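S.K.: Fold the stuff below for me.
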Amino acid sequence: MSDIGGKSLLSSARQISIFVGLTISVCGIPTIVSAETIHSALASAYSNHPTLNAQRAATRGVDENVAIAKSGWRPQIFGGADITSRNISTRIPTFSSGSSTPGGFGVTISQSLWDSNKTLNNVDAARAAVRASQEGLRNTEQNVLFDSAASYMNVLRDQAIAGFRAQSLKFLNEQVRSERARFEVGESTRTDVAQAEASRAAAVAQLNRAEANLNTSRAVFRQNIGREPKNLKNTSGVGKLLPRSLGVATSIALKRHPAIRSTKHLVDQASYNVKSSESDLLPTITLEGAVQRDYLRDGTGQITDSAQITARLRVPIYQGGRVSGIVRQNKESLSQKRIEVDQSVDQVRAAVVSSFGQLEASKASVTANQTQLRAAELALSGVVEERKVGQRTTLDVLNTQQLVITAQLSLASDRRDVVVAGYALLSAIGRLSAVNLRLRVAQYEAEEHFDAVKDKWFGLRTPDKR
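M.R.: Coordinates of the predicted model:
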């Protein structure tokens with residue numbers, strides 16, 4: 001009976017070894033027939049993620065500020081009409097009375113000839129805001145793609161962990177069965193049986209927790225990708241797109257990261273806003289033209305046509321302190337934006353150092369855990385053999401089996417971390433985009449919408465006919 005129990009345990013140990021070989025591949029995740037790759041998942045997120053689509057709409061709205069600012073250079077035309085009911089009475093030299101309903105209509109045209117460069121500065125500020133918004137869109141794209149990649153890898157990791165937990169429970173079920181059989185023939189003790197049953201109960205709880213974590217990861221996947229995860233395929237990550245040294249990574253990030261570039265454009269916008277507000281302290285010249293037709297309904301049918309052109313010079317002398325306050329306010333805003341550039345630089349630099357270090361640490365952990373897993377598998381096989389001849393106890397087998405499952409879980413997590421840290425580093429240097437990842441999607445070109453609306457004079461429909 002002892003020999004039968006030993007062979008059963010050895011068979012279970014070999015099953016765990018086989019399971020490890022089948023499930024841990026390049027990324028330590030189960031290798032299965034795949035219907036979806038990480039690239040197809042990221043393509044879906046790029047096209048359909050609500051956060052990204054909302055930011056695109058916000059950027060299109062910012063584009064319109066250029067056309068709005070340019071309206072300061074263009075004429076304004078207004079039409080008007082009026083009608084009046086009038087009663088007239090005269091006492092000197094003789095008393096008389098009567099009524100009339102005079103009215104008229106006309107058109108007025110106003111054109112700014114000189115506004116001390118206020119419109120020019122407003123246009124430049126609006127252009128800077130557009131560039132900042134476009135860089136903000138790039139940053140949002142990076143965040144969405146990173147979150148989606150992380151959720152993809154989390155599902156694969158948690159699937160592997162749930163599989164390892166299930167296989168561990170299977171091993172412990174066999175252990176309990178073997179110990180009970182040995183106890184019946186007097187080759188084991190009640191303590192051995194209780195130890196095996198306690199380990200099995202713990203394994204049941206661990207499997208339930210692993211399945212709950214997997215369900216959570218699936219829900220996050222659906223939130224980011226827009227569909228349920230099915231038959232996910234392993235990925236080797238983005239190692240080929242990554243810089244080889246921390247110095248190179250930092251240099252690229254400080255030049256290309258959209259968060260830094262966005263804050264620099266906001267500095268430009270704030271600077272133009274200061275100049276625009278200062279223009280309100282300077283003279284303006286406008287040209288106004290009007291044509292008018294007036295008529296009387298008093299029986300005479302009198303009609304009067306008139307036209308006039310007026311050049312108007314307006315020199316501000318005192319506006320109650322309002323304009324001065326706006327100028328000071330805009331200068332403080334400019335100082336704030338300059339500080340935010342330094343803040344963005346520090347944040348990006350820290351992100352690069354952190355993600356680069358995490359990537360290197362995860363790679364080292366993978367190597368260490370691979371060695372640990374091989375040693376633990378070998379030790380488990382040996383302990384099972386020694387248990388057959390009475391040289392090891394049941395507790396020795398359970399402890400060694402726990403070493404195997406611990407190494408499996410660590411290796412699965414570390415290999416997930418390698419891939420995620422790679423995406424994090426690519427995001428930190430500003431290169432995590434659909435273009436660089438070569439996703440098979442219709443690229444969203446923010447510049448196309450800007451070009452379509454920046455010089456529009458009229459029209460209520462958006463470029464996509466809404």
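
S.K.: For Arg227, give me phi and psi.
M.R.: When read as degrees, to the nearest 10, the backbone of Arg227 gives phi -160, psi 170.

S.K.: List the contacts of it.
M.R.: Arg227 is in contact with Ser44, counting by CB atoms under 8 Å, 6 or more residues apart in numbering. In short, each C-beta sits where N, CA and C put it, glycine included.

S.K.: what about it, distance to Ser44?
M.R.: Computed as CB to CB, to the nearest Å, the Arg227 to Ser44 distance reads 7 Å.

S.K.: same thing with Leu359?
M.R.: From Leu359 across to Ser44, the span is 26 Å (CB to CB).

S.K.: higher neighbour count, those two?
M.R.: Counted by other CB atoms under 10 Å, Leu359 and Ser44 do not tie: Leu359 has more neighbours, with 23 against 18.

S.K.: ok, for that one, nearest residue in space, not its chain neighbours?
M.R.: Ala421 (3.9 Å; CB to CB, 6 or more residues apart in numbering).

S.K.: And the next helix or strand past the strand or helix carrying Ala125?
M.R.: Assigned by DSSP states H and E, Ala125 belongs to helix 118-184. Proceeding N to C from helix 118-184, the next assigned helix or strand is helix 190-225, under DSSP H and E.

S.K.: Now do the next helix or strand after that next one and helix 118-184, the angle between them.
M.R.: As assigned by DSSP H and E, the chain's next helix or strand after helix 190-225 is helix 246-256. Computed with axes from the mean of the first three to the mean of the last three CA atoms, to 10 degrees, the direction of helix 246-256 lies at 140 degrees from that of helix 118-184.

S.K.: packing partners for helix 246-256?
M.R.: helix 322-388, helix 394-428 (3 or more CB pairs under 8 Å, 6 or more residues apart in numbering; DSSP states H and E).

S.K.: same thing but 6 Å
M.R.: Secondary-structure packing of helix 246-256 (3 or more CB pairs under 6 Å, 6 or more residues apart in numbering; DSSP states H and E): helix 322-388.

S.K.: The helix it packs on to helix 118-184, inter-axis angle?
M.R.: Relative orientation of helix 322-388 versus helix 118-184 (the same axes, to 10 degrees): 20 degrees.

S.K.: Who are the packing partners of helix 322-388?
M.R.: helix 2-23, helix 246-256, helix 258-279, helix 394-428.

S.K.: Go through the ones you listed and name the closest to His49.
M.R.: Checking the helices and strands packed on helix 322-388 against His49 by CB to CB gives helix 394-428 as the closest, at 15.1 Å.

S.K.: Which positions within that closest one qualify as buried?
M.R.: By 16 or more other CB atoms under 10 Å, the buried positions in helix 394-428 come out as 394, 397-405, 407-428.

S.K.: Likewise for stretch 72-84?
M.R.: Buried residues in stretch 72-84, counting neighbours by 16+ other CB under 10 Å, are found at Gly72.

S.K.: avg pLDDT for that stretch?
M.R.: Taken as a whole, stretch 72-84 has a mean pLDDT of 90.

S.K.: Just the CA coordinates for that stretch, please, in CSV.
M.R.: Extracted in CSV, the C-alpha atoms of stretch 72-84 (Å, rounded to 0.1, in the frame of the first residue of the first chain):
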residue,chain,number,x,y,z
GLY,A,72,-11.6,89.8,-34.8
TRP,A,73,-10.1,90.6,-38.2
ARG,A,74,-13.4,90.1,-40.1
PRO,A,75,-16.3,92.5,-40.6
GLN,A,76,-19.5,92.3,-38.6
ILE,A,77,-22.8,93.0,-40.4
PHE,A,78,-26.1,93.6,-38.7
GLY,A,79,-29.5,94.4,-40.1
GLY,A,80,-32.2,96.2,-38.3
ALA,A,81,-35.7,97.6,-38.6
ASP,A,82,-37.9,99.9,-36.5
ILE,A,83,-41.4,101.3,-36.4
THR,A,84,-42.8,104.0,-34.1
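
S.K.: can you list contacts of that stretch?
M.R.: By CB atoms under 6 Å, 6 or more residues apart in numbering, the residues outside stretch 72-84 that reach it are Pro102, Gly103, Gly104, Phe105, Gly106, Val107, Thr108, Ile109, Ser110, Gln111, Thr119.

S.K.: who touches stretch 50-61?
M.R.: Taking CB under 6 Å, 6+ apart as the rule, stretch 50-61 contacts Ser133, Leu137, Thr140, Val144, Ala446, His449.

S.K.: Out of those, flag the one nearest to Glu340.
M.R.: For the contacts of stretch 50-61, the nearest to Glu340 is Ser133 (15.3 Å; CB to CB).

S.K.: how many other residues sit next to the closest one?
M.R.: For Ser133, using other CB under 10 Å, the count is 24.

S.K.: Next: the one 10 residues further on.
M.R.: Neighbouring residues of Asn143 were enumerated by other CB under 10 Å; the total is 16.

S.K.: now the helices and strands packed on helix 322-388 as TSV including distance to Ser199 and mean pLDDT?
M.R.: Output for those, formatted as TSV (distance: least, CB to CB, whole Å; pLDDT from 0 to 100):
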stretch	distance to Ser199	mean pLDDT
helix 2-23	13	41
helix 246-256	44	94
helix 258-279	50	96
helix 394-428	5	85
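
S.K.: Tell me which of those helices sits nearest to Asp63.
M.R.: helix 258-279 (13.8 Å).

S.K.: re the thing from before, which one of the contacts of stretch 50-61 is nearest Ala212?
M.R.: Taking CB to CB as the measure, Ala212 lies nearest Val144 of the contacts of stretch 50-61, at 26.0 Å.

S.K.: Could you pull up the residues touching that closest one?
M.R.: So Val144 contacts Ala45, His49, Thr51, Leu52 (CB under 6 Å, 6+ apart).

S.K.: Whichever strand or helix holds the third one to helix 190-225, inter-axis angle?
M.R.: Yep, that's Thr51 we're talking about. Take DSSP H and E as the rule and Thr51 turns out to sit in helix 50-70. Using the same axes, to 10 degrees, the direction of helix 50-70 lies 30 degrees away from that of helix 190-225.
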